[in-house]
Structure formats: C-alpha cells, structure tokens
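K.L.:
Sequence and predicted structure, then a few things I'm wondering about:
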Amino acid sequence: MSLKTLQDKAIKRMGAVKPIVKEKVLEIIEEAYNEGIYVLITDGYRSYAEQDALYAQGRTKPGKIVTNAKGGQSNHNFGIAVDFCLTNKEGTAAYWTVNKDWKRVAAIAKSKGFEWGGDWTSFKDNPHLEYTGNITITPEETKVGSEIVTTPSKPSGGNTNIKAYQKFLNGYASKAKFTKLVEDGYTGPKTKTAYVRVYQHLVGVSVDGIFGPKSKKAAPVIQKGKSSATWIKFVQGLLYCNGYDPKGFDGIFGNGMLASVKKFQKDKGLTVDGIVGPNTFAKFFA
C-alpha cells in the first residue's frame, strides 16, 4: 500500500478533526512509513451520538466496555483525537498487538505533540492519540518492552452506520458475486469492492467490481423526493464510507443527506446541486 493511500484513508476516517491534528497525523504516517511501519487510522472525529453508542457498549448494549467517556466527554468529539492500528504492506490486515512498531508510532506521535492512551494508568487505550501540543519526548526515545494485545476502541463494529451498510451490502452478496463482508464498521478494500459490485448489480451491468465507462453510463439519478429507499440507503452508505455524515442510514433523503451530498460535491470539485448522478458516483468510486 502506498503512502498516499494510507494518508487518503486517514483523511477520510479522521473526518472533521482540527487542521493541525490532520497535518500532524499525516506526518506521523509518513515518518512511520519511511521506517517500514504502516499506520492505519481507524477513527477520528465522533459525533456525540456516536460517542454515546460506544459508551453504551458493555453497559446497556452487548460487548466489552471500550470507553469511559459519554458524548461530550471524549476528545474525539472535539476533533483533537484519533485511533490507529497497524497494517501490512498490502493493507490487507489490521494488527492490534502493541509491539516495538506500535510503540515506535506512539513515540513519533509524542514527538509531535500527541498524548498516547497507552501511557494512561486508569484506563489504557492503546490505539488512542490525542493532540495536546506538548512535545514530551523525541522520536528516538521509543521504549520497547514485552508485547501485549490491545483492544481497538471500536472492537465490535467501528462506525455503526458503516456496519449497517456492510449488512445491507451482504444482502446482495450472492447476486453481486462477492464473499460476505465482516460487518466490522471499517471501510477497507473488500467493502469498496463490494459496494461497486452491488452498484453494478443494481444498475444491470456486468458485475466485475471495476467502475468503468459502462458502469458510469448506467448510473441512476438519486435526488430528494424522487428516489427509492434502496438507492438512498446505497448512497448514504457511500457517504459514510467516504467520510461524510448524511445523518442516518435509513433510506430517507432528508436535509442532512442533502447537505452531505453537497459538501462531498464541493470537496470533489463537482457541480454542487445535491443530486447524485454519474459524475458524483464516479467520485464515490474513485
């Protein structure tokens, strides 16, 4: 996986973090990459609702407790925190073992003004980095001890809306000819291939997982008040996977989704009309 791909993924997954945080995280990824360490950002900005859903895990919902912070109590809600794990050169796996490479990334982060959750004593959060602006060590001060296996901040699903989208896509696994996805809430190569294949099945072109001229030509027009719930949910999922928030995965083209589509179009240099047509689909699948 190229450095640019890792950084592009990070930008999407960080969402609306502070510009300084985005800048520093991209530097961390680059420095680690130059040392043969591949950093995968798994989370960034969270809404209060997303934070409350994480807080409920292990309390009122199934799973292990992964945070002590409710909505408004986590620095993820204020755009100054990210979570990470490590991946391989191909970007096909996610590793959660806190080894010398993991600690090296933490050291690089601390040299750029981040605090590492692995240093906390009351509630260790090894994937967590939050920006304070305080440089506590130099990058060379990496401490390497025994390996431990950490728990990702979102072990049972990552983004809940992406998880719902993966479940939606899995309903087409047979017809779109792909192996069912692990519904983990993270957008990776398999999820991207799956949503291209489902798109091709829905528009009635040859299903090969590659968005080419024929796929683009067959694109429907999805707009508020005129599209089916199936297509609306499909586009809502694409927005979440590309780092945008349509305010729900519910098949309803509301004002939140309209604003999200327009923001995506503006960011991608498209005509900003809130209508999802061939050019917008092409950017989703780029």
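P.N.:
Arrived safely, thanks for sending. Please read all numbers here as calculations on a predicted model, not as lab measurements. Numbers count the residues shown, from 1 in each chain.

K.L.:
which is the next helix or strand following the lowest-mean-pLDDT helix or strand in the chain?
P.N.:
With mean pLDDT, DSSP states H and E as the measure, the helix or strand of the chain carrying the lowest mean pLDDT is strand 148-149 (a mean of 45). Along the chain past strand 148-149, the next helix or strand (assigned with DSSP states H and E) turns out to be helix 160-170.

K.L.:
Can you point out the buried residues in that next one?
P.N.:
If you call a residue buried by 16 or more other C-beta atoms under 10 Å, then helix 160-170 has these buried ones: 160, 161, 162, 163, 164, 165, 166, 168, 169, 170. Every residue, glycine included, has its C-beta placed from N, CA and C.

K.L.:
hmm, who's touching stretch 2-15?
P.N.:
21-22, 25-26, 29-30, 33, 38-45, 82, 87, 91, 187, 241-243, 245 (C-beta atoms under 8 Å, 6 or more residues apart in numbering).

K.L.:
Show me what counts as buried in that stretch.
P.N.:
For stretch 2-15, burial by neighbour count (16+ other C-beta under 10 Å) applies to 6, 7, 9, 10, 11, 12, 13, 14, 15.

K.L.:
Check stretch 200-208 too.
P.N.:
Buried residues in stretch 200-208, counting neighbours by 16+ other C-beta under 10 Å, are found at 200, 201, 202, 203, 205, 207.

K.L.:
Run a quick check on the fourth one versus residue 215, I expect a contact.
P.N.:
Yes - using C-beta atoms under 8 Å, residue 203 makes contact with residue 215 at a distance of 7.0 Å.

K.L.:
any idea how far residue 103 is from residue 12?
P.N.:
26 Å (C-beta to C-beta, to the nearest Å).

K.L.:
Residue 180 now?
P.N.:
Here residue 180 is placed at a distance of 35 Å from residue 103 (C-beta to C-beta).

K.L.:
neighbour-wise, which of those two wins?
P.N.:
Summary of the neighbour comparison: residue 180 and residue 103, criterion other C-beta atoms under 10 Å, with residue 103 having more neighbours (18 against 15).

K.L.:
ok so that one is a helix residue?
P.N.:
Yes - applying DSSP: H, G, I helix; E, B strand; the rest coil, one finds residue 103 inside a helix.

K.L.:
show me where this structure has strands.
P.N.:
Secondary structure of the chain, counting by DSSP state E: strands at 38-43, 81-87, 94-95, 97-98, 114-116, 128-131, 148-149.

K.L.:
Could you export those strands to TSV, including columns for mean neighbour count?
P.N.:
Written out in TSV, the entries for the strands of the chain read as follows (neighbours: other C-beta atoms under 10 Å):
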stretch	mean neighbour count
strand 38-43	24
strand 81-87	25
strand 94-95	16
strand 97-98	17
strand 114-116	23
strand 128-131	24
strand 148-149	12
